[in-house]
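Q: Give me a model of this one.
(2 chains)
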Amino acid sequence: MKTYSYYPGCSVKGTAKQYEESLLAVFEALDLKLLELPDWNCCGATMYMSVDENMSFAVSARNLAIAEEIGFDLVAPCSACYLVLLKTMKYIKEYPKIREKVDKALTAADLVYRGTARVRHPLEVLLHDVGFEKIQNRVRIPLRSFKIAPYYGCQIVRPYKEFDDPSFPNTMDQIFEYLGAEAVDYPVKTRCCGGSLTGTIEEVGLRINYILLSEAQRRGANCIVTVCPLCQFNLEAYQRKILKKYNDIKEIPILYFTQILGLAFGIPAKKLGIKRSIIFPKDLMKSIEIPEIQANV
Amino acid sequence: MEVRRKVKYENELDHSFPQWISDVPGGEHIRECIQCGTCSSICPMSIYMDNTPRRLIAMADAGFKEEVLSSFTIWLCSSCYACLVTCPKNIKITDVMYAFKRRAIEEGIYPSKKFSIPILARLFTNTIRKNGRITESWLVVKLAMKTRLSSLIAMIPLGANLLRTGRMRFDTEKIKNRKQIRKIFKALEA
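A: Numbers count the residues shown, from 1 in each chain, chains lettered A, B, ... in the order given. A predicted model of the protein is given here:
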């Protein structure tokens, strides 16, 4: 059984609870162990970088230092956390003046970071450590009626092309095909969701998300699947507001890729946090209802 | 009618500004910008911006510091890195935008009064310093208190949805070793 350190981040412990639930369930089903990083702190997301650069790297490096001491690769499901941790790692290496400040701060806090930590996204772990074949073999309920718009958002593939194309990635697309689902062609798959703009400059935030929703529907998708808590939140929690404003689109469920995997693996919906959907995927759930599976729920 | 001059005189420009930007990590190549406009065309926010990213870089290069820092553009950038991966001159435009944001906060130059983004950035930062983690629900409430209290009312349906689905927390997330975070802060502030 392969073991990883797990960095949940603040959203995954709050509004993205279903992401954590489904991630843990799916990793367990694939014999992968996730150990939560002890006493992890907030990564700082994109906000911190706007206030103090060195501080943001130092605060983020605390997590890297803890992970390094434990020794396992650090898995971060939230795109913002994933990128901040990855960027901190790379900038410490690339810029001596950042390294100097970070070292100073960490030393004061009795921490050491040597630069050997490895930061990974669960999707990349599935691609490289598990492989499509093993995923396909684990499928119990092919998701034949799922027409998925695979939405990667931005920070998982940009600026670092760690495992896929920065504009047109297809790791998720391929996985969904192996699960028996259809991944529709979704050209806006890495177009930004606007991040926190829905909460700050709402008009722009809603419009940006409207574009993502309407494109998915135009392409015939019956759900949008994301890898990031912020994307999921924007597309789902603001959806009714968007629908009211632009009345040419219909409601569409927004799920995490781990929930999709879990459903295909036959993991009970309860363990995948499906009920935590504000827009419940009623029709999709009905389509995979099989009596004997039902009995196990 | 009052006669107003739209163009700046040479001596009104801040010539240290372009140098400052090239010293910021990520801004090394900013003076090599060829003004191709690839950044502006790929940016999903550029249609809402008062100055497109290409133009903002030209302005910064010429020393129009006030104009750059008071531009709405820097706050609309939501760090999607689309420009950065396509820039033919390897300018890390997203990092440059972050640097503009920091400088604007430092100098207190905002596009409007009670402008929410820098307030949110500060709240975020202060919460990390205090607790080590963020609790989303409290962050939203605090932001509304500091900007537009009435926005809280508009958020009731959303809050109700989160509550119904068990996605809202009322407790405050905190790390155990808060002392360590404080030490990190102190070391860099000294």
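Q: and stretch A:82-97 with chain B, contact?
A: Yes. With Cβ under 8 Å from any Cβ of the partner chain as the criterion, chain B is reached by stretch A:82-97 at A:91, A:94, A:95, A:97. Every residue, glycine included, has its C-beta placed from N, CA and C.
Q: Quick check: which ranges of the chain have low pLDDT?
A: Just going to use chain A. A:290-297 (pLDDT under 70).
Q: can you give me the strands for it?
A: Per DSSP state E, chain A carries strands over the ranges A:2-6, A:32-36, A:74-75, A:119-120, A:147-150, A:182-183, A:223-226, A:254-256.
Q: export these to CSV and tack on mean neighbour count?
A: Shown next, in CSV, are the strands of chain A (neighbours: other Cβ atoms under 10 Å in any protein chain shown):
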stretch, mean neighbour count
strand A:2-6, 20
strand A:32-36, 16
strand A:74-75, 25
strand A:119-120, 24
strand A:147-150, 24
strand A:182-183, 19
strand A:223-226, 26
strand A:254-256, 27
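Q: quick one on the thing from earlier: mind giving me the ChimeraX select for the residues of stretch A:82-97 next to chain B, buried ones only?
A: Applied in ChimeraX, the following selects the buried portion of the residues of stretch A:82-97 next to chain B according to 16 or more other Cβ atoms under 10 Å in any protein chain shown:
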select /A:91,95
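Q: Chain neighbours aside, what residue packs nearest to residue A:4?
A: Closest residue to residue A:4 apart from its sequence neighbours, by Cβ to Cβ, 6 or more residues apart in numbering or on different chains: residue A:75 at 4.5 Å.
Q: The one you found is in contact with residue A:8, isn't it?
A: No. Between residue A:75 and residue A:8 there is no contact under Cβ atoms under 8 Å: 9.6 Å.
Q: which residues are common contacts for the two?
A: Counting by Cβ atoms under 8 Å, 6 or more residues apart in numbering or on different chains, residue A:75 and residue A:8 have no shared contacts at all.
Q: for residue A:50, what are its contacts?
A: B:98, B:101, B:102, B:105, B:117, B:118, B:121.
Q: one more time with 7 Å, if that's ok
A: Counting by Cβ atoms under 7 Å, 6 or more residues apart in numbering or on different chains, residue A:50 makes contact with B:98, B:101, B:102, B:105, B:121.
Q: Give me every residue in the stretch 1-150 of chain A that's in contact range of chain B.
A: A:10-11, A:13-15, A:17, A:39, A:41-42, A:44, A:46-51, A:53-55, A:58-59, A:62, A:91, A:95, A:98, A:101, A:104-105, A:108-109 (Cβ under 7 Å from any Cβ of the partner chain).
Q: Would you mark the buried spots in stretch A:76-93?
A: Here stretch A:76-93 shows A:76-89, A:91-92 as buried, counting by 16+ other Cβ under 10 Å.
Q: Sort out which of the residues of the stretch 1-150 of chain A next to chain B are buried, if you could.
A: In those, burial by neighbour count holds for A:10-11, A:13-15, A:17, A:41-42, A:44, A:46-51, A:53-55, A:58-59, A:62, A:91, A:95, A:98, A:101, A:105, A:108-109, counting by 16+ other Cβ under 10 Å.
Q: Which members of those residues occur in helices, if any?
A: Mapping those onto helices (DSSP state H) picks out A:17, A:46-48, A:53-55, A:58-59, A:62, A:91, A:98, A:101, A:105, A:108.
Q: center of chain A, which residue is that?
A: Centroid-nearest residue in chain A: residue A:227, 2.8 Å away (criterion: Cα atoms, centre = their mean).
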